[in-house]
Each structure stands twice: as C-alpha cells, then as structure tokens.
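*Asks:* Have a look at this fold, sequence not included:
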C-alpha cells in the first residue's frame with residue numbers, strides 16, 4: 001500500500017547530503033517553516049538554498065544562515081542589513097539575485113524539461129554582465145538556465161497518503177513548481193484527508209512528485 005506519510009520530522013529530513021541544492025517554497029504564506037527548522041536540526045551543511053525572499057533578518061532562512069548551513073543563497077530579495085546581506089558583504093556567503101518572475105520560470109523550466117530560455121528581464125542591467133544576450137523580436141533578451149533541486153521543501157494545506165496536495169490561497173506560489181523541479185520532495189501538511197477526498201481540480205501538486213509527507217497540524 002502506498003503511504004508517503006512519515007512519523008517524525010527527523011524521518012522526513014533523513015538523508016539530505018552536504019552540498020545539496022534545497023528549494024524552499026513560499027514568501028510568507030506557503031513557507032515550510034517546520035521543515036526548514038528540521039533542515040537545521042538534520043545537520044547538512046554547505047547547502048545552496050533557493051527561495052524567493054531569503055533576505056530578511058528573522059525567520060527560518062536567517063536561522064539557517066546564522067548557524068552556517070548555507071553556502072549559497074539564490075533569491076530575488078535581500079536587504080543589506082539582513083543576515084544574508086551582512087554575510088555577503090563579509091565574503092562568507094555566495095549570493096545570486098534573480099528577478100522574481102525569472103526565478104519562478106527557471107524553477108518551472110527544470111520541472112518541465114526546458115533546458116534554457118531567453119527573457120528580456122534584466123537583459124539591460126548589471127545582471128547580464130558577462131552573460132549571453134540576443135535580440136529577439138526587437139528586444140534584448142538574456143539567456144537563463146533552469147534551477148534543479150536535490151530536495152524541495154513544500155507546504156500544503158491538505159494531503160492524502162499518495163501525496164496529492166492542495167495549497168491554500170497564495171501558497172500556490174512556488175510550491176507546485178518546486179515539487180516538480182526536485183529529485184526529492186518533502187512536504188509538511190496542515191491536514192490529512194482520505195485518498196480520493198481531494199477533487200481532481202483541487203490537486204495543485206500531484207503525488208507523483210512527492211516522496212515524503214509530514215503532518216504538521218495548525
């Protein structure tokens with residue numbers, strides 16, 4: 001019988017290796033805070049963390065940065081006076097800033113099998129320095145590559161034992177595409193439902209992309 005639920009946070013996070021690329025969904029709603037706490041407790045280091053808003057001075061990303069688990073941060077937003085900003089200025093953190101729409105598309109491309117794409121976003125800025133550009137339809141465009149993850153940490157409103165997920169409201173932001181772009185997807189879900197209880201149109205992430213689910217009641 002297929003049952004992707006795991007009993008503990010430690011079991012959910014087991015096996016994440018040093019040097020892994022971790023995709024963490026959300027920016028506010030949809031952030032898998034419990035799983036990110038578990039990532040710190042699990043102990044893997046030298047990680048590349050991919051997250052939309054990784055530049056705040058509090059919260060789970062800041063905690064991971066303070067404890068030295070993160071070697072590189074790929075995100076669309078960093079404040080200079082945040083933990084990430086200070087570590088980057090000190091030379092202890094690699095930082096890659098990616099416009100939010102481009103970040104989403106690079107992750108979506110990984111899940112869809114798209115090997116590269118051109119976008120006008122950032123093509124006439126410092127983000128394009130030393131990179132390939134091309135004029136397409138009279139617009140200067142920048143070549144971008146997909147972002148693949150070793151692990152995706154996902155938040156869900158509800159899940160069945162197959163790992164079919166519903167994400168609530170704006171929590172649909174990065175969760176489905178990150179689940180598709182990673183080799184292993186680990187989910188925290190607020191509610192557990194019976195198999196078949198989620199209408200097909202409400203399955204926002206299909207269970208085929210999910211390996212482990214942890215029930216984290218709200």
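*Replies:* It's in. Only a predicted model underlies this, so the values are computations on that prediction, with no experimental measurement involved. Numbers count the residues shown, from 1 in each chain.
*Asks:* so who does residue 146 touch?
*Replies:* Residue 146 makes contacts with 106, 107, 109, 110, 114, 115, 116, 181, as judged by C-beta atoms under 8 Å, 6 or more residues apart in numbering. The C-beta positions use only the backbone N, C-alpha and C, and glycine is treated the same way.
*Asks:* Identify the residue nearest the first one in space, chain neighbours excluded?
*Replies:* So that's residue 106. Leaving aside its chain neighbours, residue 106 sits nearest to residue 147 (4.6 Å; criterion: C-beta to C-beta, 6 or more residues apart in numbering).
*Asks:* Identify the single longest helix in this protein, thanks.
*Replies:* When the chain is parsed with DSSP state H, its longest helix is helix 100-112.
*Asks:* quick one: average confidence on that helix?
*Replies:* For helix 100-112, the mean pLDDT works out to 97.
*Asks:* give me phi/psi at the residue of the chain most remote from its centre?
*Replies:* Using C-alpha atoms, centre = their mean, the residue of the chain lying farthest from its centre is residue 138. It sits 33.4 Å away. Torsion angles at residue 138 (phi, psi; degrees, to the nearest 10) stand at phi 70, psi 20.
*Asks:* between the contacts of residue 146, which has the most around it?
*Replies:* Of all these, the highest neighbour tally under other C-beta atoms under 10 Å goes to residue 107, namely 29 neighbours.
*Asks:* so which helix or strand takes in residue 183?
*Replies:* strand 182-192 (DSSP states H and E).
*Asks:* what does residue 178 give?
*Replies:* Per DSSP H and E: residue 178 is located in helix 175-181.
*Asks:* Show me which residues of stretch 204-216 are buried.
*Replies:* Buried positions in stretch 204-216, judged by neighbour count with 16 or more other C-beta atoms under 10 Å: 204, 205, 207, 209, 210, 211, 212, 213, 214, 216.
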